[in-house]
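A.B. asks: predicted model, plus sequence, below.
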Amino acid sequence: MASMEIESIEVRSATDADLPALVALWEAAGLTRPWNDPAEDIAFARRGPASDVLVGTSEGRIVASVMVGHDGHRGAVYYVSADPALRAQGLGRRIMAAAEDWLRERGVWKLNLMVRRGNEAATGFYAALGYAQDEVVVMSKRLREG
């Protein structure tokens, strides 16, 4: 799709009708992985009272998104995306601001996020937004095969 100038976006919660466009955006942005079903991730986040998927739209088209939630103590974001054809127009900054507002409205005072090792573009983006690296090690364990 040809690049277009984005003046403003409307941010709202994702709906069922957004699923195909949202998954396509995540794929175009390089966020999906074979071991995570994006449709299942979206449904899981939308189902809980402490999480949501926000979409930024322009002229009825999804141009940015973020999965946001909290565990009662800290907030987190995942799948932060902007349409690759529309990068460098502030979409990432605007969708992150919406995620931060969503968390603030729920009384959350700190947001944690993870960036894959070697993704300097993402770490630079978040640093420009005021995020800093903490001295922590992130550990995980898969609780189901997939």
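C.D. replies: Received the coordinates, thanks. Everything quoted here is computed from the prediction, not taken from an experiment.

A.B. asks: okay, CA-based contacts and neighbour counts for the rest of this
C.D. replies: Noted.

A.B. asks: how close does residue 32 sit to residue 26?
C.D. replies: Note on residue 32: its distance to residue 26, by C-alpha to C-alpha, to the nearest Å, is 6 Å.

A.B. asks: the two - which one has more neighbours?
C.D. replies: residue 26 (22 against 16; other C-alpha atoms under 10 Å).

A.B. asks: that one touches residue 33, doesn't it?
C.D. replies: No. Using C-alpha atoms under 8 Å, residue 26 makes no contact with residue 33, being 9.9 Å away.

A.B. asks: so where's the longest helix in this protein?
C.D. replies: helix 91-105 (DSSP state H).

A.B. asks: ok, now which ones touch residue 18?
C.D. replies: Contacts for residue 18 were tallied using C-alpha atoms under 8 Å, 6 or more residues apart in numbering; there are none.

A.B. asks: quick one, helices of this structure?
C.D. replies: Counting by DSSP H, one finds helices in the chain at the ranges 19-28, 38-47, 91-105, 120-128.

A.B. asks: list the buried residues for the second one?
C.D. replies: Neighbour-count burial for helix 38-47, with 16 or more other C-alpha atoms under 10 Å as criterion, is recorded at 38, 42, 43, 45, 46.

A.B. asks: angle of it against helix 19-28?
C.D. replies: For helix 38-47 against helix 19-28, the angle by axes from the mean of the first three to the mean of the last three C-alpha atoms, to 10 degrees is 120 degrees.

A.B. asks: buried deepest among the helices of the chain, which one?
C.D. replies: Among these, helix 91-105 has the highest mean neighbour count (mean count of other C-alpha atoms under 10 Å), at a mean of 19.
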